[in-house]
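Colleague: make a model of this:
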Amino acid sequence: MKNKDQLLAELNFKAVLSGGPGGQHANKTSTKILLEWNLSQSALFSEEEKERLQQKLKNRITKEGILQLSSDHTRSQHKNKEIVQTRFLRLLEDGLKIPRKRKKTKPSKKSKLKRLQNKKRQADKKANRKNPLL
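Modeller: Sure thing, here's the model as predicted:
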């Protein structure tokens, strides 16, 4: 991962009312955390990386190019902030991974032989079901 501190400095956090657990506490305190990050204005990633992230996270990014995440799992604003930051960093790590190319492989001699034996066994089984008078 790139410089984590610089990346976290690009994030905007908002605390809003949460509808999660906590009863009256949740109704009168702002414990839900909204994280916003502008992908297009980020200075840490190259154009190629931005394009890859845009493609991988297209369902989570708004039309303006802003990635939004939220957390209201706990009654603590600080814990929610930590949760949303770790989710954000994991999303970026997964989005930047370049998948390995698949190497084409051929079936082994043993697997070919096994397949043919199974095929022969199945054919014999079906042949034995036929009426012998025909």
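Colleague: can you list the residues that contact the one helix or strand in the chain whose mean pLDDT sits lowest?
Modeller: When each helix and strand of the chain is scored by mean pLDDT, DSSP states H and E, helix 24-28 comes last, with a mean of 72. Around helix 24-28, the neighbours that count as contacts under C-beta atoms under 8 Å, 6 or more residues apart in numbering are 17-20, 31, 75. C-beta here means a position set from N, CA and C on the backbone, and glycine is covered the same way.
Colleague: out of those residues, list just those in helices.
Modeller: Assigned to helices by DSSP state H, none of the contacts of helix 24-28 qualify.
Colleague: for PyMOL, write the selection for the buried entries among those.
Modeller: Buried residues within the contacts of helix 24-28, by 16 or more other C-beta atoms under 10 Å, are selected in PyMOL with:
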select buried, resi 18+31+75
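Colleague: including distance to Leu133 and pLDDT, could the contacts of helix 24-28 go into CSV?
Modeller: CSV is the format used below for the contacts of helix 24-28 (distance: C-beta to C-beta, whole Å; pLDDT from 0 to 100):
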residue, distance to Leu133, pLDDT
Leu17, 83, 85
Ser18, 79, 77
Gly19, 77, 71
Gly20, 76, 61
Thr31, 82, 83
Arg75, 81, 81
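Colleague: how about the contacts of helix 24-28 in JSON lines, adding distance to Thr105?
Modeller: As requested, those are exported to JSON lines (distance: C-beta to C-beta, whole Å):
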{"residue": "Leu17", "distance to Thr105": "55"}
{"residue": "Ser18", "distance to Thr105": "51"}
{"residue": "Gly19", "distance to Thr105": "52"}
{"residue": "Gly20", "distance to Thr105": "49"}
{"residue": "Thr31", "distance to Thr105": "52"}
{"residue": "Arg75", "distance to Thr105": "53"}
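Colleague: relative to Lys130, which of the contacts of helix 24-28 is nearest.
Modeller: Gly20 (67.3 Å; C-beta to C-beta).
Colleague: need the strands for this structure, in chain order.
Modeller: Assigned strands in the chain, in chain order: 12-16, 32-38, 66-71 (criterion: DSSP state E).
Colleague: reformat the ones you listed as TSV; add mean pLDDT, distance to Gln55 and mean neighbour count.
Modeller: TSV is the format used below for those (pLDDT from 0 to 100; distance: least, C-beta to C-beta, whole Å; neighbours: other C-beta atoms under 10 Å):
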stretch	mean pLDDT	distance to Gln55	mean neighbour count
strand 12-16	89	23	13
strand 32-38	91	16	19
strand 66-71	91	13	18
